[in-house]
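>>> task: produce atomic coordinates for the following.
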Amino acid sequence: MSRVRNLANRSPRHSGRNRLHTRCDNSYAGSQGPRRWLLVLLLIAPLLILASCSTAENGDGSVEKNTLIGTYVADVQLEETRLVATEVIDGLEAPRDITLDPEGWIWVNEVSGSLYRADPRTGEKIKMLEIPDVYFERARGLLSTALHPEFPDEPYVYIHYTFEPSELGSRIVRYTFTGDTLVEPEIILDRLPGGSGHSGSKMMAGPDGKLWLATGDASREELAQDLDVYHGKILRMNLDGSVPEDNPYEGSHIWTSGHRNMQGITYGNGHIYASEHGPANDDEVNLLVKGGNYGYPDVMGYCDSELEKQYCEEHDIVEPIIAFNPVVAASGLAYYGHDAIPEWTNSLLLASLRIQTLRVLHLDGAGERVEDVQIFFQQQFGRIRDVIVDPEGRVYLMTSSTDWYRESRADIHDPSHVVNGDRIILLQAADEAVLASLSDIENRRTLVEDRVPLYLGSSEIADNLGASERLYLAHCGSCHLQDGSGMEGTVPPLVGSESVGGDRVSLISLLLYGVPAEQKSGEYDWNMPGFQNLENDELAAILNYIRGNFSDEADHFSAEDVQEVRESS
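Next comes the predicted model:
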């Protein structure tokens with residue numbers, strides 16, 4: 001059967017795009033008319049279409065295992081398996097997360113408040129909801145979606161979003177799915193954290209039949225370990241929002257504490273894992289332990305600085321199974337336990353916003369330790385925010401290159417990634433027939449594993465930088481920007497700053513220990529992390545760079561200067 005998506009149903013913005021589904025044996029149903037149209041389309045289609053050797057859709061609407069759908073994007077060779085990447089959904093504006101329902105549809109939300117149900121087999125998107133009371137600004141808005149574990153028999157859809165700009169908070173609302181819309185909203189958990197930043201979040205229906213929510217600290221880091229509030233916590237609740245009897249703290253939804261800005265949560269191999277953004281250091285992936293304290297803000301990443309070692313000796317802190325320095329903007333997380341891509345079996349798939357990658361975290365047999373890390377698709381698809389795995393072992397990636405970051409970090413934004421908005425990309429193992437068809441593709445993009453992470457935008461940029469500028473951009477540039485101008489209303493500029501051009505010891509202390517939330521300026525909704533984890537010579541290089549480029553002072557800092565301040569603090 002051949003299927004052509006009706007171009008008339010597309011918005012003008014996407015009218016030049018088309019997708020096609022074919023069979024390799026050319027046994028098309030119906031008259032010869034569709035064959036003639038197929039030949040015409042193949043001659044005029046501006047994009048390459050990848051054909052498969054099985055029907056695009058079964059009679060029950062499901063997709064067969066070896067079917068490739070959508071528009072060819074790239075392919076990548078693993079040790080034995082070749083993966084093919086195809087674009088199946090486009091036209092998204094700042095999407096936040098995706099989840100898959102049992103009928104093969106993908107639920108995708110946009111931070112502005114729109115929720116869609118999309119069919120990856122046809123590219124069709126149906127708007128299910130426009131949240132009336134969402135508060136949308138930058139990273140605030142519609143944050144995450146989850147489905148009832150027995151969906152659609154129990155037709156409930158859970159939505160977490162921010163509201164009320166005057167006293168910003170967030171809530172979980174449960175809607176009822178009718179088949180073509182969402183109705184009967186019911187607030188099941190209200191007055192959750194929802195600050196100007198670090199709102200998280202990610203929800204999932206767990207294997208225990210409970211609803212899990214990973215929250216952010218709402219830029220109130222001092223509350224992350226406070227068990228009286230829900231800032232920086234993993235919450236576990238019954239499907240009606242009530243507190244389960246077997247939670248670690250009586251009468252509380254809290255499962256774990258001491259987190260910063262949670263971005264992903266998944267389960268597999270008998271464990272639940274979560275990912276979170278660090279400040280400018282120590283993004284984390286954690287194995288969640290009932291009642292565990294993960295240490296933030298007193299511990300970031302491992303217990304490896306002197307202050308952290310002391311804190312961990314005095315408190316029962318759970319360390320991450322992996323931490324990233326510099327940060328990679330760790331985002332969505334999915335467990336891969338299928339054998340369709342055997343090289344990835346028993347691994348965590350981690351989406352990365354900052355350097356635009358999919359990281360494969362290979363686990364040990366117990367699922368308690370990361371044994372190896374591989375990097376794929378670096379700067380090929382744009383910022384990758386979320387990742388999910390379907391029951392057949394296919395992987396879906398969702399990009400987020402149209403969010404607020406493209407304005408604030410225009411220096412590293414690649415407009416080619418958003419020609420048709422953000423998108424969902426399907427990764428699928430190719431069978432023999434598909435492998436044979438790849439040789440017929442013009443302008444084919446064959447990718448390989450990325451051996452070197454590019455923290456600074458691109459290899460071209462990195463090759464033209466000195467060591468000091470590399471360190472500055474890797475650790476400070478994501479907030480203060482390449483030119484030191486900061487972000488209006490959020491991050492203060494370094495250019496002309498009294499701190500940068502003032503007392504030397506104070507500047508060294510600022511870089512070492514940061515600015516805690518309780519000391520931040522009222523003009524900027526921001527707190528700065530410390531960089532005690534860096535070596536003295538690295539800190540000296542950063543100090544020399546910012547002092548020399550963003551102030552009128554030209555004096556020099558040495559590693560000995562930094563060590564002297566460490567010892568006196």
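
>>> and L189, what element?
strand 182-192 (DSSP states H and E).

>>> so what does that strand touch, helix or strand wise?
strand 156-163, strand 169-177, strand 234-237 (3 or more CB pairs under 8 Å, 6 or more residues apart in numbering; DSSP states H and E). C-beta here means a position set from N, CA and C on the backbone, and glycine is covered the same way.

>>> closest one to N549 among those strands?
strand 156-163 (36.5 Å; CB to CB).

>>> as a whole number, average confidence for that closest one?
Average pLDDT, strand 156-163: 96.

>>> now do the strand holding L189 against strand 169-177, angle only.
Counting by axes from the mean of the first three to the mean of the last three CA atoms, to 10 degrees, strand 182-192 lies at 160 degrees to strand 169-177.

>>> return the alpha-carbon coordinates of strand 182-192 using CSV.
Taking Å, rounded to 0.1, in the frame of the first residue of the first chain, the C-alpha atoms of strand 182-192 are listed here in CSV:
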residue,chain,number,x,y,z
LEU,A,182,-9.6,16.3,27.0
VAL,A,183,-12.4,17.2,29.4
GLU,A,184,-13.3,17.4,33.1
PRO,A,185,-10.1,18.9,34.6
GLU,A,186,-9.5,18.0,38.2
ILE,A,187,-6.6,19.4,40.3
ILE,A,188,-5.1,16.5,42.2
LEU,A,189,-2.0,18.3,43.6
ASP,A,190,-1.8,22.1,44.0
ARG,A,191,0.7,24.7,45.2
LEU,A,192,3.7,22.9,44.0
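
>>> follow-up on the earlier one: make JSON lines out of the helices and strands packed on strand 182-192 and add distance to P529.
JSON lines is the format used below for the helices and strands packed on strand 182-192 (distance: least, CB to CB, whole Å):
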{"stretch": "strand 156-163", "distance to P529": "24"}
{"stretch": "strand 169-177", "distance to P529": "24"}
{"stretch": "strand 234-237", "distance to P529": "21"}
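
>>> dump those to JSON lines, plus mean neighbour count and distance to M487.
As requested, those are exported to JSON lines (neighbours: other CB atoms under 10 Å; distance: least, CB to CB, whole Å):
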{"stretch": "strand 156-163", "mean neighbour count": "25", "distance to M487": "19"}
{"stretch": "strand 169-177", "mean neighbour count": "21", "distance to M487": "22"}
{"stretch": "strand 234-237", "mean neighbour count": "24", "distance to M487": "29"}
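
>>> who's in contact with the strand holding L189?
Residues outside strand 182-192 that contact it (CB atoms under 8 Å, 6 or more residues apart in numbering): 115, 128-129, 157-158, 160, 169-176, 213, 215, 230, 235, 237, 240-241, 253.

>>> after that strand comes which helix or strand?
Going down the chain from strand 182-192, the next helix or strand is strand 202-205, by DSSP H and E.

>>> average pLDDT for the strand holding L189?
95.

>>> angle of it against strand 156-163?
50 degrees.

>>> wait, E222 sits on D298?
No: using CB atoms under 8 Å as the test, E222 is too far from D298 to be in contact (10.2 Å).

>>> ok, these two, which is more surrounded?
Higher neighbour count among E222 and D298: D298, with 19 against 14, using other CB atoms under 10 Å.

>>> isn't the more buried one up against Y311?
Yes: D298 sits in contact with Y311 when judged by CB under 8 Å, with a separation of 4.8 Å.

>>> can you count the residues close to K309?
13.

>>> flag every buried residue along the strand or helix carrying it.
Assigned by DSSP H and E, K309 falls within helix 306-314. Neighbour counts over helix 306-314 (16 or more other CB atoms under 10 Å) mark 308, 312 as buried.

>>> and L426, that's in a helix?
No: L426: not assigned to a helix; according to DSSP: H, G, I helix; E, B strand; the rest coil it is strand.

>>> summarise which helices and strands the longest helix seen in the chain is packed against.
Ranked by number of residues, the top helix in the chain under DSSP state H is helix 536-550. Packing partners of helix 536-550 (3+ CB pairs under 8 Å, 6+ apart): helix 467-475, helix 498-501, helix 504-513, helix 559-568.

>>> please identify the most buried of those.
helix 467-475 (a mean of 20; mean count of other CB atoms under 10 Å).

>>> work out the gap between that one and the centre of the chain.
24 Å (CA atoms, centre = their mean, to the nearest Å).

>>> where do the strands of the stretch 351-500 of the chain begin and end?
With DSSP state E, counting those that start in this stretch as the criterion, the stretch 351-500 of the chain has strands at 357-363, 370-376, 384-389, 395-399, 422-429, 446-447.

>>> now the ones you listed in CSV, with mean neighbour count, mean pLDDT and distance to D246?
Formatted as CSV, the strands of the stretch 351-500 of the chain follow (neighbours: other CB atoms under 10 Å; pLDDT from 0 to 100; distance: least, CB to CB, whole Å):
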stretch, mean neighbour count, mean pLDDT, distance to D246
strand 357-363, 23, 97, 26
strand 370-376, 16, 97, 29
strand 384-389, 25, 97, 28
strand 395-399, 24, 97, 33
strand 422-429, 25, 96, 36
strand 446-447, 14, 93, 45
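
>>> redo these as TSV? Include distance to E553.
Listed next are the strands of the stretch 351-500 of the chain as TSV, based on distance: least, CB to CB, whole Å:
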stretch	distance to E553
strand 357-363	38
strand 370-376	39
strand 384-389	40
strand 395-399	42
strand 422-429	43
strand 446-447	46
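
>>> H315: which of those strands is closest?
Here strand 370-376 is closest among the strands of the stretch 351-500 of the chain (CB to CB), at 23.7 Å.

>>> worst average pLDDT in the helices and strands packed on helix 536-550?
helix 467-475 (a mean of 83).

>>> quickly list the domain ranges of this protein.
3-44, 72-447, 465-568 (automatic domain parsing).

>>> parallel or antiparallel, list what pairs with the strand holding L189.
strand 169-177 (antiparallel) (DSSP bridges).

>>> contacting residues around the partner strand?
Taking CB under 8 Å, 6+ apart as the rule, strand 169-177 contacts 128-129, 143, 151-152, 155-163, 182-194, 199, 201, 203, 211, 213, 241.

>>> where in the stretch 151-300 of the chain is pLDDT low?
For the stretch 151-300 of the chain, the stretches flagged by pLDDT under 70 are 165-167, 195-196.

>>> if we can go back for a sec, any buried residues in the longest helix of the chain, and which?
Neighbour-count burial for helix 536-550 [16+ other CB under 10 Å]: 536, 538-548, 550.

>>> what segments of the stretch 1-150 of the chain are helices?
Assigned by DSSP state H, counting those that start in this stretch, the stretch 1-150 of the chain shows helices spanning 33-44.

>>> which stretches of it form strands?
Using DSSP E, counting those that start in this stretch, strands in the stretch 1-150 of the chain cover 3-4, 20-21, 71-77, 82-92, 95-100, 106-110, 114-118, 125-130, 142-147.

>>> now these in CSV, with distance to M487?
Output for the strands of the stretch 1-150 of the chain, formatted as CSV (distance: least, CB to CB, whole Å):
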stretch, distance to M487
strand 3-4, 45
strand 20-21, 43
strand 71-77, 32
strand 82-92, 24
strand 95-100, 20
strand 106-110, 22
strand 114-118, 26
strand 125-130, 29
strand 142-147, 20
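
>>> need those strands in JSON lines (columns: mean pLDDT, distance to L350 and mean neighbour count).
What follows is those, written out as JSON lines (pLDDT from 0 to 100; distance: least, CB to CB, whole Å; neighbours: other CB atoms under 10 Å):
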{"stretch": "strand 3-4", "mean pLDDT": "26", "distance to L350": "34", "mean neighbour count": "16"}
{"stretch": "strand 20-21", "mean pLDDT": "30", "distance to L350": "31", "mean neighbour count": "21"}
{"stretch": "strand 71-77", "mean pLDDT": "94", "distance to L350": "17", "mean neighbour count": "19"}
{"stretch": "strand 82-92", "mean pLDDT": "96", "distance to L350": "17", "mean neighbour count": "23"}
{"stretch": "strand 95-100", "mean pLDDT": "95", "distance to L350": "14", "mean neighbour count": "24"}
{"stretch": "strand 106-110", "mean pLDDT": "97", "distance to L350": "19", "mean neighbour count": "23"}
{"stretch": "strand 114-118", "mean pLDDT": "97", "distance to L350": "23", "mean neighbour count": "21"}
{"stretch": "strand 125-130", "mean pLDDT": "96", "distance to L350": "26", "mean neighbour count": "16"}
{"stretch": "strand 142-147", "mean pLDDT": "96", "distance to L350": "17", "mean neighbour count": "25"}
